[in-house]
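generate a structure from the sequence data that follows.
(2 chains)
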Protein chains: 2
Amino acid sequence: MSRKAFQDYYPDGFSHCYGCGSKNEHGHHLKSYWDGDRTVAHFRPKNYHTGGVPGYAYGGLVASLIDCHGTGSAAAAAFKAEGREMGTEPAMRFVTASLKVDYLKPTPLGVELEIRGEILEVKPRKVTIDLSLIAEGIVCATGYMIAVKLPDDSAMNTKDSEK
Amino acid sequence: MSRKAFQDYYPDGFSHCYGCGSKNEHGHHLKSYWDGDRTVAHFRPKNYHTGGVPGYAYGGLVASLIDCHGTGSAAAAAFKAEGREMGTEPAMRFVTASLKVDYLKPTPLGVELEIRGEILEVKPRKVTIDLSLIAEGIVCATGYMIAVKLPDDSAMNTKDSEK
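Numbers count the residues shown, from 1 in each chain, chains lettered A, B, ... in the order given. Alright, predicted model coming up:
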């Protein structure tokens, strides 16, 4: 229950993302975890996150959840590849270089969504990931992400990194 | 000043999108227009739409703006291809089948963003579009969308289509 999510290890100055940052008081606060050698996150949208038609999520939310789970998974995979625990220094934070989302079926609201990631490749500065968004056992969307590591930045690796 | 946006022509029952629906009171209300034979929308994010680092937009917002501008542009292009004004019946509404976003540079907050579309191909049920998101003259992200037409639905073409 007290397990920390990937995003909980982000340095404070890099934890402001509306989609997943612990320090964004308006945002979604997506939390991603390992599930074996894959990654998983769960999210229940608000009723107003609707697409054009009530009862289904808007495409931007689907992309946002896949995006944030992807960059979180990239960071976790990079630490794992270095044999280090997340939270140890030097910190590593990944951002999206490219994201392709295929919308296979409408994503229903009113249920918990599951976002899953499968790490395809980890290079020193680049991680590629297959992603999917699942509702009630049905894959509603798939994603393919290329995430790149932010340049080393001393601000990421100091206690007073808030900026 | 009173020019109607593409999204203002969506049937009421299909106007609930968080990204661009006129009937979503919590959403972004993105408005897209023709600009010659291309399309354009403008949007100023809130300060809390930040990515991991303050001062820049989160990737999900970038995807959302490109997505909603794309589906709006698809509908507008489909009407144009049929030689009809938007708002005439039968209504047509497009949803995203596939969206690829390349994040080229961080998208700054605190400025108005411009989202542009170039229609590549219009088929009866499918429109493909190149998209870009620009801040202060700099292209921060590009998109490529395949949008598909929702099946004809009588609910889209009646006055009491709210459902």
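
just the helices from chain A, written as ranges.
A:59-81 (DSSP state H).

which stretches of it have low pLDDT?
Within chain A, the stretches with pLDDT under 70 are A:1-2, A:153-163.

the strands in it, which residues?
For chain A, the strands defined by DSSP state E cover A:32-35, A:38-43, A:94-103, A:113-122, A:126-135, A:138-149.

in CSV, list those strands along with mean neighbour count and distance to chain B.
All C-beta atoms are positioned from the backbone trio N, CA, C, and that covers glycine. Compiled in CSV, those are given as follows (neighbours: other CB atoms under 10 Å in any protein chain shown; distance: least, CB to the nearest CB, whole Å):
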stretch, mean neighbour count, distance to chain B
strand A:32-35, 17, 14
strand A:38-43, 19, 12
strand A:94-103, 22, 4
strand A:113-122, 19, 12
strand A:126-135, 21, 13
strand A:138-149, 20, 9
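
now A:Lys31: how far from B:Val139?
Between A:Lys31 and B:Val139 the distance is 33 Å, computed by CB to CB, to the nearest Å.

A:Val53 too?
Going from A:Val53 to B:Val139 by CB to CB gives 32 Å.

nearest the geometric middle of chain A, what residue?
The residue lying closest to the centre of chain A (CA atoms, centre = their mean) is A:His69, at 1.7 Å.

what sits against it?
The neighbours of A:His69, taking CB atoms under 8 Å, 6 or more residues apart in numbering or on different chains as the test, are A:Cys20, A:Leu30, A:Ser32, A:Thr39, A:Ala41, A:Ile115, A:Arg116, A:Gly117, A:Leu131.

what's the closest of the residues you listed to A:Ala5?
Nearest to A:Ala5 among the contacts of A:His69 is A:Ser32, at 5.7 Å by CB to CB.

what sits against that closest one?
Counting by CB under 8 Å, 6+ apart, A:Ser32 makes contact with A:5-7, A:20, A:39-41, A:68-69, A:72-73, A:76, A:115, A:117.

with distance to B:Tyr144 added, can I get those residues in a markdown table?
Listed next are the contacts of A:Ser32 as a markdown table, based on distance: CB to CB, whole Å:
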| residue | distance to B:Tyr144 |
| --- | --- |
| A:Ala5 | 32 |
| A:Phe6 | 29 |
| A:Gln7 | 29 |
| A:Cys20 | 25 |
| A:Thr39 | 26 |
| A:Val40 | 28 |
| A:Ala41 | 26 |
| A:Cys68 | 21 |
| A:His69 | 22 |
| A:Gly72 | 25 |
| A:Ser73 | 24 |
| A:Ala76 | 29 |
| A:Ile115 | 23 |
| A:Gly117 | 23 |
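
rewinding a little: how about TSV for the strands of chain A, with distance to B:Lys80 added?
Shown next, in TSV, are these (distance: least, CB to CB, whole Å):
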stretch	distance to B:Lys80
strand A:32-35	42
strand A:38-43	37
strand A:94-103	24
strand A:113-122	36
strand A:126-135	33
strand A:138-149	29
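
to A:Ala63, which of those lies closest?
Smallest distance to A:Ala63 across the strands of chain A (CB to CB): 5.1 Å, for strand A:94-103.

ok, and what's touching the closest one?
Strand A:94-103 is contacted by residues A:59, A:62-63, A:66-67, A:70-71, A:74-75, A:78, A:126-127, A:140-150, B:51-52, B:59, B:63, B:95-103 when judged by CB under 8 Å, 6+ apart.

does A:Tyr10 really touch A:Arg93, like I thought?
Yes - proximity of A:Tyr10 to A:Arg93 meets the contact threshold set by CB atoms under 8 Å, at 6.2 Å.

more crowded one of those two?
A count of neighbours by other CB atoms under 10 Å in any protein chain shown puts A:Tyr10 above the other of A:Tyr10 and A:Arg93, at 26 against 23.
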